[in-house]
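[1] Quick check, what structure comes out for this input:
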Amino acid sequence: MTFPVPINVLGHRFHPHMVMEVIGYSAGFQLYRYLRPRFPRANVPFEQNLWIFVGAIFGALIGSKLLAWIESLPEYWPHRFDLAAWMGGKTIVGGLLGGWAGIEIAKMRQHIHHSTGDAFVFPLILGQCIGRVGCFLTGLDDHTHGTFTRLPLGVDFGDGPRHPTQLYEIAFLLCLGTSLWFLRRRASNPFPNGALFRLYLAGYLGFRFLIEFIKPSWKPYFGLSAIQLVSLAGSIVCVVQLSRLRGGPKGIIHEPATAAA
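    Alright, predicted model coming up:
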């Protein structure tokens, strides 16, 4: 297999990252529309929901770019006068946390005081899995591959066998999504509203903290990268908020005064 692997659509060859990203966004949105009625505690009126989407989109865009710049500053700095170079690159971790912050701002503006994030969990997982397929098919250019390895799982992206961290992430997300689905359905007491989102985000950020150790990224912060520091901080916030949610009466929806998406 030669990377990147183009995708043929109606006789035209397209870059795999672009194609899978579009499919991921589309599939995730359709799954959200299907699952939204099953999360009545997370729902808000249509107009308010539109503002939440606006906050999520702009927050994710800003967060994904900002963390990408900090994460790969040595690569961006030599091209600091090239605007096109600064427009390239983004990170899922920055997008998730930036989108979360954007939603919180939109909710404050709309005076929404309950959590709305649970309905997004499985659509996000689906979209991430599809997007990571595009990252894998892109190969070295996407900078999501791992370090060199002699393990049988290694994939040669063109310069020797490396950890296919994109595939590791897909496998983890599928396990995480399956676990959360069964945990939610089989729980003896209803999940507090917002707990599912925090469990998902804490799990994913914890995974990203660990997987970054086998990625050839810039790690100037006591051997850690910017993504690892942000992932660690985000997972701690999620765990703290989960403990507060669990502090409410069992089986009763409990919302802290500053409930998050």
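[2] Report the buried residues of the longest helix seen in the chain.
    Across the chain, the longest stretch assigned as helix under DSSP state H is helix 46-71. By 16 or more other Cβ atoms under 10 Å, the buried positions in helix 46-71 come out as 48-49, 51-53, 55-56, 58-71. The way it works is simple: take the backbone N, C-alpha and C, and place the C-beta from them, glycine included.
[3] Check stretch 180-199 too.
    For stretch 180-199, by 16+ other Cβ under 10 Å, it's 180, 184, 191-199.
[4] repeat for stretch 79-97
    Buried, per 16+ other Cβ under 10 Å, within stretch 79-97: 89-97.
[5] contacting residues around Leu167?
    132, 136, 155 (Cβ atoms under 8 Å, 6 or more residues apart in numbering).
[6] pretty sure it is in a helix, no?
    Yes - checked against DSSP: H, G, I helix; E, B strand; the rest coil, Leu167 lies within a helix.
[7] distance of it from Leu31?
    Distance, Leu167 to Leu31, by Cβ to Cβ, to the nearest Å: 22 Å.
[8] With Ser115 instead?
    19 Å.
[9] Please say which of the two ends up with more neighbours.
    Per other Cβ atoms under 10 Å, whichever of Ser115 and Leu31 has more neighbours is Ser115, with 27 against 18.
[10] Mind pulling up the pLDDT for the more buried one?
    We have a pLDDT of 91 for Ser115.
[11] swap in Ala259?
    For Ala259, the model assigns a pLDDT of 35.
[12] same deal with Phe191?
    81.
[13] Could I get the phi/psi values of Asp156?
    Backbone torsions of Asp156, given as degrees, to the nearest 10, read phi -90, psi 110.
[14] Any idea what it is bridged to?
    Pro161 (DSSP bridges).
[15] Check the gap between it and Thr2 for me.
    Distance from Asp156 to Thr2, by Cβ to Cβ: 10 Å.
[16] The two: who's more crowded?
    Asp156 (13 against 9).
[17] and that one, what pLDDT?
    Asp156 is given a pLDDT of 97.
[18] Any idea how many residues pack against Tyr25?
    14.
[19] Spatially nearest residue to it, not counting backbone neighbours?
    Once flanking residues are discounted, Tyr25 sits nearest to Gly127: 6.2 Å by Cβ to Cβ, 6 or more residues apart in numbering.
[20] With Glu71 instead?
    Ala226 is the one closest to Glu71 (Cβ to Cβ, 6+ apart), at 4.4 Å.
[21] okay but the one you found is in contact with Ile70, surely?
    Yes - using Cβ atoms under 8 Å, Ala226 is in contact with Ile70, at 4.4 Å.
[22] Would you reformat the buried residues of stretch 180-199 as a markdown table and include distance to Arg41?
    Putting the buried residues of stretch 180-199 into a markdown table (distance: Cβ to Cβ, whole Å) gives the following:
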| residue | distance to Arg41 |
| --- | --- |
| Leu180 | 16 |
| Arg184 | 12 |
| Phe191 | 9 |
| Pro192 | 9 |
| Asn193 | 4 |
| Gly194 | 9 |
| Ala195 | 11 |
| Leu196 | 10 |
| Phe197 | 12 |
| Arg198 | 14 |
| Leu199 | 15 |
